[in-house]
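Undergrad: Need coordinates for the following:
(chains A and B)
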Amino acid sequence: MNGDLGNLLTGEMGEAEARFSHEDFGADFGPRIVGRVRRRRAVRAAGVGGGTMLTAGALAVGATHMPWGVLGATPGMGGRDCVTTPPSADPHVVTVIFGGSEQPSAQMNVTDPVTGGVRLTGVEQADGTWVFTDAAGNPSEVTLDGDGRYMVQASDASWTVVLSMPSASASPTDPTATGSVTYTYTDGAQVGTAVPSASDDCYTPSPTPSHVPSTALDPVLITDTNGYLKPDDVTSPFQCGFVMDSLGHGSSQVSITDTTWVSPAAYNATVKERLGTSVGVPLELGSAPIPTVRIRVDLAATTPWASVFGVGEPTDAMATSEDGTPMVDSGASFVMVRDGVVVGTMDTTTQGAGQHFSFWHDGATDTQELTLVNAADAFVACPGQTLQAEGDTTYAVAGSYVKDPTGTDGTGVEYSWTALEAN
Amino acid sequence: MARWEPILDEVMRERGSGLLAYARLLTGNDAEAEDVLQDALVRSFSRGRQFTHVNAAEAYVRRAIPSVFIDRLRHRRTRDAADERRTHEQDEAVGMGDRDAVLDVRAALADLPPRERACTVLRYYDDLTVSQIAAQLGLADGTVKRYLADASARLSSVLGDRKQHDRIDVVTHSRKEGR
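TA: Numbering: from 1, shown residues only, chains lettered A, B, ... in the order given. Below is the predicted model of the structure:
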């Protein structure tokens, strides 16, 4: 604060906060806000910014060439041109309803319940749009039907995913229906089901693309831990199978500067000292020493206000600059490594009680701290692996990504990692 | 429930009053503070970010509030410019501190044009530098300096020498005649 005016403003803040504390903002506005967020996420997930995004995309890349797939129809053109002959002998239609109780986050896989294989994968792009690829990694077409639903079709036309907008359906498909097909998200957790049905009802044929997809349609990396990664796809230390070619690595953009180990009691005292009684998450500490890594991110390319730091692969939470300011998206996590290969990734889905990690931003040094508050059950074994308490080494990994104001990749993701040696 | 929803719910329930108060500092009235906070929450949670802790989410929403406020001003300016200098009175109890001083500063802030008010809050409450304010609000450094200088002059006339120590040395080409 700067002198008296700062103190007066603080007083004003305190007075206003006390006054507002008698109101329940969440109860008054929560449902409306949640609804707006759901609609926006649903629209973004379907690659549709209303007509605006479609128009902009069409203008930018050509009449039928969209960055999230090959657009087979444009809004207003999707008449219900039903055909009675399905495109294959045994097609399936999987309806994924956005705006229901479940929503995708960064990646969506449609999984065959019989073989367990992924039939279609949708990955959210940095700009919020989605690119879908089939099991062979081929870009999948996206079509729009007369009801405003976007359908993604496997290249062999054997599968179709219907992306149902909130307005088209208010509730998720009944997950208990017989023969349901699961769809899973990036973290590997099964979050819902969708019902397949024979495609003997109306079906909108996919028009032939106007031209061969360009690099914008190249299959994107699948960053999940479900065992569907191809070796060439493993490019990040956050991913299963990544080879750590050294015990430590850093870059000018992001680096792990040091590691400290403290007892649970000492860490608990630190938390209380920092947060007082306002601890947001009831930490469940184990009995083992607790490691904390300090991570420095170079924000010279932007301002502190245009950066985001979270747990996990930075590209998973790619932020979008709204004011032309370069964005820096950074993230960190812990992984388990055996013989230089990542064999386990941290469970970042557990929130609140039982959460395995904790963040702290050290304003004095402008560094981030990531703490593995409880290593027990903190890691999920990679497919085909069994974690070994004595044989595996915990590594801290961090990544940072600078996105230039045009919304394109500025630097690519730079990574840093370090092996944690327990003391 | 999607992963973002518990965090959003927690932010609204546990941090809502603080965020509203911060928005109130910028907007000068309760109703607009509520609107700004709603927009800031929607903007913050709509872009696929995966907040892992309420603290991180709150910090992000807090940073979004000034930007939302300025964006709303830009959109509103052409249709509602005359409404920018409304004064709203709030008479609820003062929880702490010097009531007179709080009411003085509230009235003085309410009299400031919105952009000057935003710059003042970011400078003196958030302790940002001129460059940081400019970056956050999408303004030029010189514009921020001019707003701060004008605000400082206005506050001086209202608050007397209460905040004389807070004046900052800025170089302006001339006094603004209007905005």
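Undergrad: Now for the closest residue in space to A:Val262 that isn't next to it in sequence: which residues touch it?
TA: Once flanking residues are discounted, A:Val262 sits nearest to A:Ile290: 5.7 Å by Cβ to Cβ, 6 or more residues apart in numbering or on different chains. All C-beta atoms are positioned from the backbone trio N, CA, C, and that covers glycine. Applying Cβ atoms under 8 Å, 6 or more residues apart in numbering or on different chains, we find A:Ile290 in contact with A:261-264, A:267, A:371-374.
Undergrad: at 10 Å instead, please
TA: A:260-268, A:270, A:283, A:358, A:371-375 (Cβ atoms under 10 Å, 6 or more residues apart in numbering or on different chains).
Undergrad: which of these are buried?
TA: With neighbours counted by 16 or more other Cβ atoms under 10 Å in any protein chain shown, the contacts of A:Ile290 contain buried members at A:264, A:267-268, A:270, A:283, A:358, A:371-375.
Undergrad: per the record, what domains does the chain have?
TA: Going with chain A. What the record gives for chain A is the domain set A:44-214, A:234-419, from automatic domain parsing.
Undergrad: actually it's chain B I care about, not the one you picked
TA: Domain assignment of chain B by automatic domain parsing yields the ranges B:1-78, B:97-179.
Undergrad: mean pLDDT lowest for which of these?
TA: In terms of mean pLDDT, the lowest-scoring of these is domain B:97-179 (a mean of 69).
Undergrad: Between all of the buried ones among the contacts of A:Ile290, which two are separated the most?
TA: The span of the buried ones among the contacts of A:Ile290, defined through Cβ to Cβ, is set by A:Thr270 and A:Ala375 at 17.6 Å.
Undergrad: ok so, going back, filter the buried ones among the contacts of A:Ile290 down to the ones close to chain B.
TA: Among the buried ones among the contacts of A:Ile290, proximity to chain B is found for A:Ser358 (Cβ under 10 Å from any Cβ of the partner chain).
Undergrad: Least confident of the buried ones among the contacts of A:Ile290?
TA: Among the buried ones among the contacts of A:Ile290, A:Leu283 carries the lowest pLDDT, at 62.
Undergrad: wait, A:Ala389 sits on A:Asp377?
TA: No: taking contacts as Cβ atoms under 10 Å, A:Ala389 lies outside contact range of A:Asp377: 11.3 Å.
Undergrad: and the two? which has more neighbours close in?
TA: Neighbour count, other Cβ atoms under 10 Å in any protein chain shown: between A:Ala389 and A:Asp377, A:Asp377 has more, with 12 against 8.
Undergrad: show me what contacts the more buried one?
TA: By Cβ under 10 Å, 6+ apart, the contact list for A:Asp377 reads A:286, A:347, A:350, A:354, A:356, A:387.
Undergrad: that older thread, which of the domains of chain A comes out lowest on mean pLDDT?
TA: Across the domains of chain A, domain A:44-214 has the smallest mean pLDDT, namely a mean of 39.
Undergrad: What segments of chain B are strands?
TA: In order along the chain, chain B carries no strands (DSSP state E).
Undergrad: Determine the longest helix present in chain B.
TA: Of all the elements of type helix in chain B, the one with the most residues (DSSP state H) is helix B:54-80.
Undergrad: Any part of it near chain A?
TA: Yes: counting by Cβ under 10 Å from any Cβ, contacts between helix B:54-80 and chain A involve B:54-60, B:62-64, B:66-68, B:70-71.
Undergrad: And the helices in chain B?
TA: Counting by DSSP H, the segments of chain B that form helices are B:4-27, B:30-45, B:54-80, B:99-111, B:114-120, B:130-137, B:141-159.
Undergrad: and A:Val402, which of those helices is closest to it?
TA: Closest approach to A:Val402 among the helices of chain B is made by helix B:130-137 (15.2 Å; Cβ to Cβ).
Undergrad: Which other helices and strands does the closest one contact?
TA: Helices and strands touching helix B:130-137, by 3 or more Cβ pairs under 10 Å, 6 or more residues apart in numbering or on different chains; DSSP states H and E, are helix B:54-80, helix B:114-120, helix B:141-159.
Undergrad: quick check: angle from the first one to helix B:4-27?
TA: Angle between the axes of helix B:54-80 and helix B:4-27 is 50 degrees (criterion: axes from the mean of the first three to the mean of the last three Cα atoms, to 10 degrees).
Undergrad: elements contacting helix B:54-80?
TA: Here helix B:54-80 touches strand A:307-311, strand A:357-362, helix B:4-27, helix B:30-45, helix B:114-120, helix B:130-137, going by 3+ Cβ pairs under 10 Å, 6+ apart.
Undergrad: Tell me the buried residues in that helix?
TA: Quick answer for helix B:54-80 (16+ other Cβ under 10 Å): B:54-73.
Undergrad: Could you do stretch B:132-152 as well?
TA: Of all the residues in stretch B:132-152, those buried under the rule 16+ other Cβ under 10 Å are B:132-139, B:143-152.
Undergrad: ok, now stretch B:34-47?
TA: Within stretch B:34-47, the residues scored as buried using 16+ other Cβ under 10 Å are B:34-47.
Undergrad: In JSON lines, list these along with distance to B:Leu122.
TA: What follows is the buried residues of stretch B:34-47, written out as JSON lines (distance: Cβ to Cβ, whole Å):
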{"residue": "B:Glu34", "distance to B:Leu122": "20"}
{"residue": "B:Asp35", "distance to B:Leu122": "19"}
{"residue": "B:Val36", "distance to B:Leu122": "14"}
{"residue": "B:Leu37", "distance to B:Leu122": "17"}
{"residue": "B:Gln38", "distance to B:Leu122": "21"}
{"residue": "B:Asp39", "distance to B:Leu122": "18"}
{"residue": "B:Ala40", "distance to B:Leu122": "15"}
{"residue": "B:Leu41", "distance to B:Leu122": "20"}
{"residue": "B:Val42", "distance to B:Leu122": "22"}
{"residue": "B:Arg43", "distance to B:Leu122": "18"}
{"residue": "B:Ser44", "distance to B:Leu122": "18"}
{"residue": "B:Phe45", "distance to B:Leu122": "23"}
{"residue": "B:Ser46", "distance to B:Leu122": "24"}
{"residue": "B:Arg47", "distance to B:Leu122": "23"}
